[in-house]
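Chemist: with the sequence up front, the predicted model follows.
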Amino acid sequence: MLQKPSNHLKMRAESDIQPADEIHARVAAMLAELATGGEAAAQRYAAELDGWTGPVAVTPEMLAGARRQVPEALQEAIRYAHANIRRFAEAQLASIQPFETEIRPGLVAGQKLIPVSAAGCYVPGGRYAHIASALMTITTARAAGVPHVTACAPPRPGGQGIAPEVLFAMELAGADLILCLGGVQAVAAMEQGLFGAQPADILVGPGNQYVAEAKRQLFGPVGIDMFAGPTDSLILADSTADPLTVAWDLAGQAEHGHNSPVWLVTDDQALAEQVLALIPGCIAALPEPNRSAAAAAWETLGEVILCENREEMAATADAYAPEHLHVQAADLDWWQGRLTAYGSLFLGEATTVAFGDKASGPNHVLPTSRAARYTGGLSVHKFLKTVTWQRVEDAALPDLAQATAVISRAEGMEGHARTADIRMPRVS
């Protein structure tokens, strides 16, 4: 359990929430039914849970119609974001390379990068049109070289299909197949390869607690990006920070939902008190339903922590291991070198988390719930298998076979030893 600092000017109002047993049981039952019922079961759940009785697989005509509904200014913004995300993913890909090396004379080994054959990308729905999530997941899979990408998004309320702007983003990012499905049934459809999809080797993308639980239960037979919970953000701010900017950055991230914590860690009490005074006004200025979501998140989960110095601030941030970590403080190089646990780091007052959420390039599918202690976010690496190979020539055989036989017999594995022994006569 996270040990929290004692000097809180504002503490969260509720204890940590654990996954509910009823969610686990409900998802397990749905996955079992979907495994046997296939497309019919998925369509039944779509009608029951989302009110959708239209075609599941999005047609070229539907995509063309969606393009016509998206204003040109929004199309240009989506293209700008897509280009940034793809360039960053391509740079990630270039940072890892196949290689071979001669470990000893006659012993050659190496690594090879092989993309998975099929990926399933979930794009959440709900109160917002998640354009950026479509770009982040599909674009990254494509940059990694995945041959087939299926994307799913739930229909909008009222019997409407996927939002036109989300469809535009999905098509631009390179989805081969788009399914109008949400929730557990969408995850199962991508995993099983329903409605014309190829069965996914990996399932990625954010979603609600049912989507997260479905991915968790399917993990093993298929890969997943991570176990994701509600989004969270932490700001490190000193006396150089602008209180209103900090207040808006906290309020802006709180609008994700009532269960999205936001934290301020500072060594300046005056700044902390100003931010505390300003946040209610920032939240009140938001439209509904954003206002209610942000107000609930701030009231129940928001925290303000006062530290003695910047080292204590950094240690607190490392302990919280936030999904988003925003530094609004002097000496950014020191912070970048010191901080060790975060999903993505945002350096400087000009670098708001919203840039990373939407358009700057680095992926916004990031570890939550302190998972940043041991993993990073979605990247081309998630779609690549880094496999190894080796080749043994006569020059390496005597020493290698001898060492293998000795270790094998010490372990009690005589069969292994004899597969080494039998190769010894090859060497004169």
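Modeler: That came through, no problem.

Chemist: contact partners for the residue nearest the centre of the chain?
Modeler: Geometric centre of the chain, nearest residue: Val365, 2.7 Å, by CA atoms, centre = their mean. By CB atoms under 8 Å, 6 or more residues apart in numbering, Val365 lies in contact with 133, 136-137, 204-206, 225-226, 228, 377-378. Quick note: C-beta positions are derived from backbone N, CA and C, even for glycine.

Chemist: any idea which helix or strand comes after the longest helix seen in the chain?
Modeler: In the chain, with assignment by DSSP state H, the single longest helix is helix 21-50. Sequence-wise, the next helix or strand downstream of helix 21-50 (DSSP states H and E) is helix 60-69.

Chemist: hmm, who's touching that next one?
Modeler: So helix 60-69 is in contact with 55, 75, 161-162, 164-165, 167-168, 171, 178, going by CB under 8 Å, 6+ apart.

Chemist: mind redoing it with 6 Å?
Modeler: Residues from elsewhere that reach helix 60-69 (CB atoms under 6 Å, 6 or more residues apart in numbering): 164, 167-168, 171.

Chemist: show the residue spans covered by the helices in the stretch 151-300 of the chain.
Modeler: All helices of the stretch 151-300 of the chain, identified by DSSP state H, counting those that start in this stretch, fall at 164-173, 183-192, 209-218, 243-254, 269-284, 290-301.

Chemist: would JSON lines of the ones you listed with mean pLDDT be doable?
Modeler: Shown next, in JSON lines, are these (pLDDT from 0 to 100):
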{"stretch": "helix 164-173", "mean pLDDT": "97"}
{"stretch": "helix 183-192", "mean pLDDT": "98"}
{"stretch": "helix 209-218", "mean pLDDT": "95"}
{"stretch": "helix 243-254", "mean pLDDT": "98"}
{"stretch": "helix 269-284", "mean pLDDT": "98"}
{"stretch": "helix 290-301", "mean pLDDT": "96"}
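
Chemist: now those in CSV, with mean neighbour count?
Modeler: Listed next are those as CSV, based on neighbours: other CB atoms under 10 Å:
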stretch, mean neighbour count
helix 164-173, 24
helix 183-192, 28
helix 209-218, 21
helix 243-254, 23
helix 269-284, 18
helix 290-301, 19
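
Chemist: which one of the ones you listed lies closest to Pro398?
Modeler: Of all the helices of the stretch 151-300 of the chain, helix 209-218 sits nearest to Pro398, with 47.5 Å by CB to CB.

Chemist: coming back round to it: which pair in the contacts of Val365 has the greatest spatial separation?
Modeler: Ser133 and Met226 (14.0 Å).

Chemist: so Cys152 touches Ala186, yeah?
Modeler: Yes. Cys152 lies in contact with Ala186 (CB atoms under 6 Å); the separation is 3.8 Å.

Chemist: need the contact list for Ile85.
Modeler: 135, 139, 361.

Chemist: can you put the helices of the stretch 151-300 of the chain in CSV and add distance to Ile96?
Modeler: As requested, the helices of the stretch 151-300 of the chain are exported to CSV (distance: least, CB to CB, whole Å):
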stretch, distance to Ile96
helix 164-173, 22
helix 183-192, 26
helix 209-218, 25
helix 243-254, 31
helix 269-284, 41
helix 290-301, 37
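
Chemist: how long is stretch 203-212 end to end?
Modeler: End-to-end distance for stretch 203-212, by CA to CA, to the nearest Å: 10 Å.

Chemist: I meant stretch 168-188, not that one.
Modeler: So stretch 168-188: terminal residues 24 Å apart, CA to CA.

Chemist: give me the contacts around it.
Modeler: 27, 30-31, 34, 42, 45-46, 50, 56-58, 63, 66-67, 70, 78, 82, 125, 131, 134-135, 138-139, 142, 148-152, 154-155, 161-162, 189, 195-197, 210, 214.
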